[in-house]
Every structure is written in structure tokens, then in C-alpha cells.
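K.L.:
My questions concern the predicted model and sequence given below.
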Amino acid sequence: MLVIKDLHANIEGKEILKGINLTVRPGEVHAIMGPNGSGKSTLSSVLAGNPAFTVTGGSVEFYGKDLLAMAPEDRSHEGLFLSFQYPVEIPGVSMVNFMHAAINAKRKYFGQEPISASEFLKMKREKSALVQLDNKLASRSVNEGFSGGEKKRNEIYQMAMLEPRLSILDETDSGLDIDALRIVSEGVNKLKSANNATIVITHYQRLLDYIKPDFVHVLYKGRIVMSAGPELALELEEKGYDWIKQQVDNE
Amino acid sequence: MENENKIRQTNSDIINEAAQSEYKYGFVTDVETHIIPKGLNEDVVRYISGYRNEPEWLLEFRLKAFRHWQTLKMPRWAHLNIPEIDYQDISYFAAPKTKSDGEAKEIDPEIKKTFDKLGIPLEEQMRLSGMAVDAVMDSSGVKTMYRERLAEMGIIFCSFSDAVKDYPDLVKKYLGKVVPYTDNFFAALNSAVFSDGSFVYIPKGVRCPMELSTYFRINASGTGQFERTLIVADDESYVSYLEGCTAPMRDENQLHAAIVEIIVEDRAEVKYSTVQNWYPGDKDGNGGIYNFVTKRGLCRGDYSKLSWTQVETGSAITWKYPSCVLKGDNSVGEFYSVALTNNYQQADTGTKMIHLGKNTRSTIVSKGISAGHSQNSYRGQVKVVASATNCRNYTQCDSLLLGSTCGAHTFPYIDCQNDSSVVEHEATTSKINEEQIFYCNQRGISTEDAVGLIVNGYAKEVMAKLPMEFAVEAQKLLSVSLEGSIG
């Protein structure tokens, strides 16, 4: 579904991604790990179309379409979802209105009628139960005054509502206590199917105990320098990144 | 890679575009207009008064105002760049010609069409129930609806000129009592040349069963509009009053200098709502209405209440401070405002809360939204005199900026002369930032829709104060003025 070839990107003239290659197929879970500043979050931002970053080379195909040519909202409609590392607060806009606008925008893109109120409410009830999201949060402004855990659960709730084909979880585990981590992971696992895929960006093995990856990649200095099965995450947990850094830097 | 750049470019373009209003009421009605030559002197004042067969005392009032106006200079203290205005280059009276000037005047089909187009059908049976409308085009009242039905309850709702004819004593008793002609430059000008407007009187103990509404329309070119509205709510009465306004798109600047006076007696309540959508000028700042308006209410009675709600999206320049003089003990004043400026619009708007009575309370919630190259200022005065003990004021003053070429300013003046009163002022400035827009985009919401969503969310607190029907209109207007639509 996703084919990234030799992707280069920079921010304010500074090159962060220096040739990423990655292929993701339906049903797969990919974990991307790596030391701070290696470009993990940049990769997720670029895939989602954050205008702060400039793509300077390479290509990304998403279900056969040129992802980089699409506006960020169209990438969303096509089924790409990004769970933000730092979800943004939007004062005055209630979660309900926000989700309603998002769902109807997607339906419009596919030439469908707006969702009915009863259907929307039913969906909202089901999906918020999935991450044990307090119903009261729905009437509050988007992410405003949410705790760290609530923000992350709210991201997964939105993911559930939008039913993406590819979800990118950008450090969804950061700032979560062990209970919240379990709830969020269970939510993600329940949403998993043979038709969708997940890219999990994380620093720690901990999250991967809950969300089992099929592949683990190490990103360092803007490149994927190592790819292997889930056992790689355990090895990194034990040995850290230094041995990989040395290996790469010596080349 | 170019795509990425393009998308980024498009994003900021959309914000720019979103800040550019598409004015939907800019058409001109082709109707024969009776218009007097440009210029202002005593003869013009006499002509306006004579045209309406006004009583001698009213002519005297006008002439005194005119003579006083001649001694004044245009105020320059506001945070506005007002070009020199040649007051001799304006025609001070224009009225659509009617087929017969008699009692049973037929409304010109062209004028009817105009108000239909504006969404104000003038037939009573076509109106949604619960609202009576007085329509004013240029200097002249067009039609007042439900006048007879309201009269059965003792409510007077008619054009100002009819009120002068039919209720001269009431008009004489209240005219100029809240806003004297000496008040300011534009008040003096209006008092000299005012034409039509609305007059409302709610008798003791009566709750007006429908929203009363006046729709102001400027049509003729080279003219100004100087209407006058007078609302009197007698003891224990209640009325909700709405005002809307639009004008054609022209390269010239047209002057609108109105006065609204409100008197609220014991335990009475008046709610005054405005959706101001005068033509704001084009995106380069050419043309548009100069909106220089004096609005003030006197809460004369104990436990009286006056509430101003305004949604301001129009006019090239706005100079307007709907105010409350809280004279009665325990009286309450409120001001809720959303002022949106974009392109080269300038607004200096706010309120005055003058606490003269004991235990009086006031609330001010002002939400400014600036886009394009506009300048948006809040100016407010809260004054508590020494004898007005135990007063409360709460002021919240927020500014929202779209883009980096506009300005938001706040000028609060607080003067509290006793120590049993509490005056609070809170202010915030925020910006719709790229992260918020991108977050919405990522969830599938276009930039245009995201701006509409965020702006309406920001203004929600004020919008909630508007009467239902109006709130929907106003919400649409905010989005249209930012060329977006809410989800």
C-alpha cells in the first residue's frame, strides 16, 4: 500500500531525511525506532503533508497514487492517519463538532451524503468505548485541558472514527502511564485488520510488548540503517543504539 | 518536491483568500430616487424638516444641533486613519420615490425585490412568525410590519417620521435625552439632518411577543444615511430588538452616522442585537461605508437591564461604542461583541459602562478577529462614581489574528472611585497557527473549513447571545466574510 523510495526532506534548509526506503503492505505492523533527532517524527510529518517540511527528492506511492502530490486533507481522505506526538489544542471548537466536520469532509470526498445525527452518535459511542474515553470530553474543546493520557486516547478515538488504511503512531507511548499505555495499545490492536497497516514510531520496547510489530527498523541520521524482525527491538532495549551508531559512522 | 512547496504555498494562499470577503449584498436597486443637491447648510436642515412636515420644536432642535456642529471638529482620538471627509460633498437626503405620497403607499416592486433579495420579504404572511420588521432605504422608511397587531397591546413600533406625526409628545419627551446633540461631532450632525429610523415604545408591564427588527439599506450614491432609533421600555416591560444593514458595492466611501437612544425604566429589560454588514470596501481598500455611530442606553429604573450584542463584519471604518449608563440602583448592563475586520478595514469599537447607581453590574465580552491588512481596536471605558457602591464589572477582551499583516489593539479605561466595587479586566491575544490548521487538515478538514470552524468556535460565547434566527445568519456571515464554511 505504501512504497517510499529514496525520500529526502528538509526543514528551513536543513536536511533531515536523507533517502528513506520503506515498503508497507496491508496487515503489517512496522516499528520505527532510533535515537533522538534521527528523523522519526519528520518522516511521519512528511507523509502526512505537514507544510513546515519540504520534500527535496524521492517518491511516495500510496495505493498506487502519488501521495506527495496530494493536499494533507486528501491524504487523510485516502486513508492516512497520523496520531500526533503533541496533539494540538483548538479552543472553542468542541470535539463533537470537530469529528463531525472531519467525517463529513471524508464522506463528501467520496460523494456521499453527510452522516445522520443518529448514526454519528452511535458511532461516537462505540468508538469512544474502545479507548475508554470519557463521554464528557466530547463536549470539551479539541484537546483543551486534556491530560497527557486523555490526549493520546483521544487520538486513537479519532483513528477509530476515521477508519484509516494506514495509521502512523508518532510516539503515542510518550507521556503515558502503564494503564493508559495498555488502554491505548488495546485500542490500536482492536482496530487492526488484514486490510490496514500501522507504523509505530517509538523510543522504547515497552510499547512493542503490547503492539507486536512484524518489522523493526532503525532510523539514524535520516536513513533506515537496519531492518529486522521483532527480535531487533529486544536487542536495542538491551544494548542501546551505540553499536549501530558506531557501525554506521565507521562506514 | 515541488508539490510539497506548492501545497505549502496553497495553504498560506487559502488563509489569505479566506481573509478576503465576498460581499453578497453589493447590488444597486434601480428605483427613481428623490435626492437633494450635495451640501449642508441651514436651508438643507429646513428642507429635511419641511419635507416631513415636522413640528416647529423639532426644526428648532435640528437647527440648534446644526449650529453646534459647525463649531466642532471631527474626532481624531480613535486608532483609525480617517481620510479627510468633505461634508459639503454629500447629499443629506435621498428617498426612493413612491407612486403616491399618500397614506396607503404602494411599495415599489423594485424595492420589494431588493428586500426579498436581502432575505427580508415585506409581506407579513411570508415572514417567519415571531419577528416584525421596519425597513428603511436611504433616508426613508419603506414599511413597518405588524404595526396594527402590536398596537393592540399598546406597543408602538413605527418609522421615526410616523412617530413624530402620531406620537409627538413621546418623541419630544425622549429625543436627545440619552444622546444630546452636544455629545459629539457625529451626534450633532445626525441631530441636524437625521431622517428615518425606528421608534419603539413598550408600555408598562408588557412583554413584547415578537422580535422587533429594523433593516437599514443604503442604495443611492453620493448620499449618507443618518437614521435615528429611539426605544423606550416602560416599567417592567421587555423587548428584543434586532438591527441589520447592507449597502451596494461602490468605489466611493459613504457616510453612515446614526444615533440609537434607549431608555429602560424600573425592572424593564431591553436586548439590542446588531448584525452590521455594511459594504466593507474591496480587497484593496477602495470604497466602503464609514460607520460612525453613537449608541447609548440609559438604565434609568432600578433593576433595569440593557444588553447590547453586536456582530460587526462590515464597513470600511467603524467608530462605535454602544454604551450603558447604569443610573438605577441594581441595574445591569451587558455588551457582547464580535468585530471582524479584513483587507483594509479599520474598526475602533467597544463600549462604555457608566456606573452611577448602587449595586450596578456590567459585563463586557469583546472578541476581535483581524485578517488581511486590517486594524481592529477594542476601546472601552468602565467608570464607577464614588456614590455607586458595591458595583461589579467583568471585562473580557480577546483578539484573534489571522496572518501577520493585521493588527489588534486594546484600549481599556478604568476609573473606579470607591473601594466597595470590583472591576475585573482580562485580555488575551491569539493567532490561528499553522499547527492548528495542519491538525484539522490531517483529519480531512480543508483549510478554509478549518478557519471557519476555529473562528466560529472563538466567537461562540457572543453568538450564543443572539436570538436564534439571527445567530444562524451571523454564523454564516462570519464564515462568508472569511470565505469559509463551517462543518
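P.N.:
Here it is on my side, so go on.
K.L.:
Is there proximity between stretch B:356-373 and chain A?
P.N.:
No - using Cβ under 8 Å from any Cβ of the partner chain, stretch B:356-373 stays clear of chain A, with a minimum separation of 9.7 Å. The C-beta positions use only the backbone N, C-alpha and C, and glycine is treated the same way.
K.L.:
What's the end-to-end length of that stretch?
P.N.:
By Cα to Cα, to the nearest Å, the extent of stretch B:356-373 from end to end equals 40 Å.
K.L.:
which parts of it are buried?
P.N.:
By neighbour count with 16 or more other Cβ atoms under 10 Å in any protein chain shown, stretch B:356-373 contains the buried residues B:356-373.
K.L.:
and it, how far out from the chain's middle?
P.N.:
With Cα atoms, centre = their mean, to the nearest Å as the basis, stretch B:356-373 stands 15 Å off its chain's centre.
K.L.:
ok, which stretches of chain B are helices?
P.N.:
B:2-18, B:42-51, B:56-70, B:109-117, B:147-151, B:160-166, B:168-174, B:185-193, B:434-442, B:447-463, B:468-481 (DSSP state H).
K.L.:
Out of those, flag the one nearest B:P280.
P.N.:
Closest to B:P280 of the helices of chain B, according to Cβ to Cβ: helix B:468-481, at 8.2 Å.
K.L.:
Show me the buried residues of stretch B:356-373 that map onto strands.
P.N.:
B:361-370 (DSSP state E).
K.L.:
Tell me the one among the residues you listed nearest to chain A.
P.N.:
B:K367 (9.7 Å; Cβ to the nearest Cβ).
K.L.:
Quick check, that closest one in contact with B:A459.
P.N.:
Yes - with contacts counted by Cβ atoms under 8 Å, B:K367 reaches B:A459, the gap being 5.3 Å.
K.L.:
any shared contact partners between those two?
P.N.:
Residues touching both B:K367 and B:A459 (Cβ atoms under 8 Å, 6 or more residues apart in numbering or on different chains): B:V338.
K.L.:
my guess is B:P55 meets B:S161, correct?
P.N.:
No - B:P55 is beyond contact range of B:S161, at 11.9 Å (criterion: Cβ under 8 Å).
K.L.:
Kindly provide the distance from the residue of the stretch 151-251 of chain A found nearest chain B to A:E150.
P.N.:
With Cβ to the nearest Cβ as the measure, A:Q158 is the residue of the stretch 151-251 of chain A nearest to chain B, at 6.5 Å. Per Cβ to Cβ, to the nearest Å, A:Q158 is found 12 Å from A:E150.
K.L.:
more crowded one of these two?
P.N.:
Neighbours were counted for A:Q158 and for A:E150 using other Cβ atoms under 10 Å in any protein chain shown; A:Q158 has more, 25 against 19.
K.L.:
Which helix or strand contains that one?
P.N.:
In this structure, A:Q158 sits in helix A:148-162 according to DSSP states H and E.
K.L.:
Could you tell me the angle between the next helix or strand after that helix and helix A:148-162?
P.N.:
Per DSSP H and E, the first helix or strand lying C-terminal to helix A:148-162 is strand A:166-170. For strand A:166-170 against helix A:148-162, the angle by axes from the mean of the first three to the mean of the last three Cα atoms, to 10 degrees is 170 degrees.
K.L.:
neighbouring strands for strand A:166-170, and are they parallel or not?
P.N.:
Looking at strand A:166-170 with DSSP bridges, its partner strands are strand A:80-83 (parallel), strand A:197-201 (parallel).
K.L.:
Can you name the element that comes right after the longest one?
P.N.:
Remark: after strand A:197-201, the chain's next helix or strand is helix A:205-210, criterion DSSP H and E.
K.L.:
Extract the C-alpha set from that next one and format it as PDB.
P.N.:
Coordinates of the C-alpha atoms in helix A:205-210 are reproduced here as PDB (Å, rounded to 0.1, in the frame of the first residue of the first chain):
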ATOM      1  CA  GLN A 205      10.500  -1.600  23.500                       C
ATOM      2  CA  ARG A 206       7.700  -1.200  26.100                       C
ATOM      3  CA  LEU A 207       5.000  -0.200  23.600                       C
ATOM      4  CA  LEU A 208       6.000  -3.100  21.400                       C
ATOM      5  CA  ASP A 209       5.100  -5.600  24.200                       C
ATOM      6  CA  TYR A 210       1.600  -4.500  23.500                       C
END
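K.L.:
For that helix, the averaged confidence score.
P.N.:
Average pLDDT, helix A:205-210: 89.
K.L.:
coming back round to it: relative to B:Y458, how far out is the residue of the stretch 151-251 of chain A closest to chain B?
P.N.:
22 Å.
K.L.:
now, of the strands paired with strand A:166-170, which is deepest in the fold?
P.N.:
Highest mean neighbour count among the strands paired with strand A:166-170 (mean count of other Cβ atoms under 10 Å in any protein chain shown): strand A:80-83, with a mean of 26.
K.L.:
Tell me which residues are up against that one.
P.N.:
Here strand A:80-83 makes contact (Cβ under 8 Å, 6+ apart) with A:44-45, A:47-48, A:62, A:67, A:152, A:155-156, A:158-159, A:162, A:164-170, A:172, B:442.
K.L.:
pLDDT averaged over that strand, what's the number?
P.N.:
Averaging pLDDT along strand A:80-83 gives 97.
K.L.:
helix or strand right after that strand?
P.N.:
Using DSSP H and E, the helix or strand that directly follows strand A:80-83 along the chain is strand A:90-94.
K.L.:
Against which helices or strands is the longest strand along chain B packed?
P.N.:
The strand that spans the most residues within chain B, counting by DSSP E, is strand B:288-299. Judged by 3 or more Cβ pairs under 8 Å, 6 or more residues apart in numbering or on different chains; DSSP states H and E, the packing partners of strand B:288-299 are helix B:185-193, strand B:253-256, strand B:259-264, strand B:269-276, strand B:305-312, strand B:317-320, strand B:323-326, strand B:332-341.
K.L.:
Would you format these as TSV with mean pLDDT included?
P.N.:
Compiled in TSV, these are given as follows (pLDDT from 0 to 100):
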stretch	mean pLDDT
helix B:185-193	95
strand B:253-256	83
strand B:259-264	96
strand B:269-276	91
strand B:305-312	93
strand B:317-320	92
strand B:323-326	97
strand B:332-341	94
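K.L.:
of those, which approaches A:V29 most closely?
P.N.:
Judging those by Cβ to Cβ, what sits closest to A:V29 is strand B:332-341, at 47.1 Å.
K.L.:
Provide the strand pairings for that closest one, with the direction of each partner.
P.N.:
For strand B:332-341, the paired strands and their directions (DSSP bridges) are strand B:305-312 (parallel), strand B:361-370 (parallel).
K.L.:
okay, how far is it across stretch B:73-89, tip to tip?
P.N.:
Stretch B:73-89 has its terminal residues 17 Å apart, counting by Cα to Cα.
K.L.:
Could you do stretch A:144-153 as well?
P.N.:
Stretch A:144-153 has an end-to-end distance of 14 Å (Cα to Cα).
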